[in-house]
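[1] this is the structure alone, sequence omitted:
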């Protein structure tokens, strides 16, 4: 996202990926430049509550998560929902990440200059959000398949132990029957 939004000779100053982590909460999962991850967590916390709280402000990311619509803000200083995490940021673009029409996260880019993003940037970031949705879904499916595999392996071990007990009991019964 950071490189894609670097057209017109202006490089985006910051990019991040947010994933919904509970009811009306999101957490930052990745950021570029990499040191911005800890800076954002320090400024906003590990999770951000995007239900109206802070004097009614939910942040521009919160607006995208709540509405499921991209947010193109060319002057964040004048925006009523802006939550400051980087004091030099002037413009932001946020595009929701969706799976099956459910918002699961957002891609975020920021710039130090006003009016740094346009609808073409929004379309580009939306395309990238589609790819991110596929990657997130694949990761979730892989995680689920690993869980199911491990659960199945535990059940196989339990069945093998049960089979051993049955064989041992059957052997004892056969031995007892053979003596009588």
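    Now that the structure is in, tell me what you want to look at. Bear in mind that the values here come from a model prediction, so they are computed numbers and not experimental data.

[2] nearest residue to the spatially most central residue of the chain other than its sequence neighbours?
    With distances taken as C-alpha atoms, centre = their mean, residue 19 lies nearest the centre of the chain, 2.5 Å away. Leaving aside its sequence neighbours, residue 19 sits nearest to residue 105 (C-beta to C-beta, 6 or more residues apart in numbering; 4.0 Å). Every residue, glycine included, has its C-beta placed from N, CA and C.

[3] so what sits opposite that neighbour in the bridge?
    Residue 105 has the following beta-bridge partners by DSSP bridges: residue 19, residue 97.

[4] that one and residue 91, how far apart?
    21 Å (C-beta to C-beta, to the nearest Å).

[5] higher neighbour count, the two?
    residue 105 (26 against 23; other C-beta atoms under 10 Å).

[6] let me see the mean pLDDT of stretch 148-156.
    Mean per-residue pLDDT for stretch 148-156: 93.

[7] how about stretch 100-120?
    Taken as a whole, stretch 100-120 carries a mean pLDDT of 89.

[8] over to that stretch now: how far is its first residue from its last?
    24 Å (C-alpha to C-alpha, to the nearest Å).
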